[in-house]
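**Student:** Curious how this folds, go ahead:
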Amino acid sequence: MRKVTRLCEVCDTPFFVQKRGGVESRYCSKRCGGIARRAPLAPITCANCEAVFIPRTAINKYCSWSCKLAASTTRPIITVTCQGCATVFTVRSSRPRRYCTQSCQLDALHRLNRDRYAGMDRPVTAIERAMAEALTANGIPFDAEVRIDTPWGSMFLCDFVVRGAMIVIECDGDYWHSLPNTQRRDRRKNAYLRHVGYTVLRFWERDIKADLPGCIAQVVAKLDHG
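**Tutor:** Below you'll find the model as predicted:
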């Protein structure tokens with residue numbers, strides 16, 4: 001590992017970074033990194049309603065989540081075989097799903113993670129299953145138990161990641177996530193995910209059980225308004 005000189009991509013200030021494997025810093029400070037992440041993109045036209053808007057990311061094509069959902073109804077209907085239970089189902093999508101339901105996906109991913117990651121074997125919790133079903137019912141596409149690697153060789157496992165929106169959804173059990181060690185780990189996880197551009201939404205078990213529609217409303221609000 002050796003020091004090399006880089007020019008900050010925001011202010012052109014030279015700075016030293018440690019040469020190592022993984023991602024190298026592109027900015028001289030957290031302030032410059034924040035400015036780069038908040039820099040507005042050029043206005044584009046919504047692919048559904050043709051309204052002009054400023055996208056949050058370079059891959060945005062729609063001005064709101066409602067427009068994206070409306071545009072998805074124009075995609076062709078195709079037949080797919082579920083890789084979890086072998087059920088044949090139809091779906092309207094240009095990128096076909098591999099599972100017939102999100103519950104089937106959760107079960108398959110749990111079996112995969114049980115074999116792949118030692119010490120991470122755990123059942124899908126009731127609140128995770130309830131959240132998956134609610135997201136599906138509201139037309140919000142997501143991936144479950146997503147592994148996000150860090151440059152220093154560790155990784156974080158996220159309950160859900162909304163596709164194309166950089167939103168992480170965590171379902172926290174009231175007992176386990178109230179323990180001091182778990183709270184410290186959750187703070188480290190939140191800090192890293194936000195640093196790399198994710199929005200983190202955490203929902204307590206009591207809130208999911210008492211007001212699941214309210215939790216989904218927070219997700220939809222983030223999708224519509226950022």
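**Student:** Just give the number of residues close to Gly164.
**Tutor:** Gly164: 14 surrounding residues under other C-beta atoms under 10 Å. Heads up, the C-betas are built off the backbone N, CA and C, glycines and all.
**Student:** which stretches of this protein form strands?
**Tutor:** 2-7, 14-19, 44-45, 52-53, 77-81, 88-92, 142-149, 155-162, 167-172, 199-204 (DSSP state E).
**Student:** Make TSV out of these and add mean pLDDT and distance to Asn60.
**Tutor:** Output for the strands of the chain, formatted as TSV (pLDDT from 0 to 100; distance: least, C-beta to C-beta, whole Å):
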stretch	mean pLDDT	distance to Asn60
strand 2-7	69	29
strand 14-19	71	30
strand 44-45	88	8
strand 52-53	86	8
strand 77-81	82	25
strand 88-92	78	21
strand 142-149	88	17
strand 155-162	90	13
strand 167-172	95	13
strand 199-204	95	14
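**Student:** which of these is buried the deepest?
**Tutor:** strand 167-172 (a mean of 22; mean count of other C-beta atoms under 10 Å).
**Student:** Direction included, what does that one pair up with?
**Tutor:** strand 155-162 (antiparallel), strand 199-204 (parallel) (DSSP bridges).
**Student:** So which of the ones you listed is nearest Gly139?
**Tutor:** strand 155-162 (11.4 Å; C-beta to C-beta).
**Student:** mind listing what Lys222 touches?
**Tutor:** Ala165, Ile167, Thr199, Leu201 (C-beta atoms under 8 Å, 6 or more residues apart in numbering).
**Student:** Just send those residues back as a markdown table, with distance to Val52 too.
**Tutor:** Converted to a markdown table, the contacts of Lys222 look like this (distance: C-beta to C-beta, whole Å):
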| residue | distance to Val52 |
| --- | --- |
| Ala165 | 21 |
| Ile167 | 24 |
| Thr199 | 24 |
| Leu201 | 29 |
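**Student:** Tell me how far the residue positioned nearest the centre of the chain lies from Thr150.
**Tutor:** Residue closest to the average C-alpha location in the chain (C-alpha atoms, centre = their mean): Val161, at 2.8 Å. From Val161 across to Thr150, the span is 16 Å (C-beta to C-beta, to the nearest Å).
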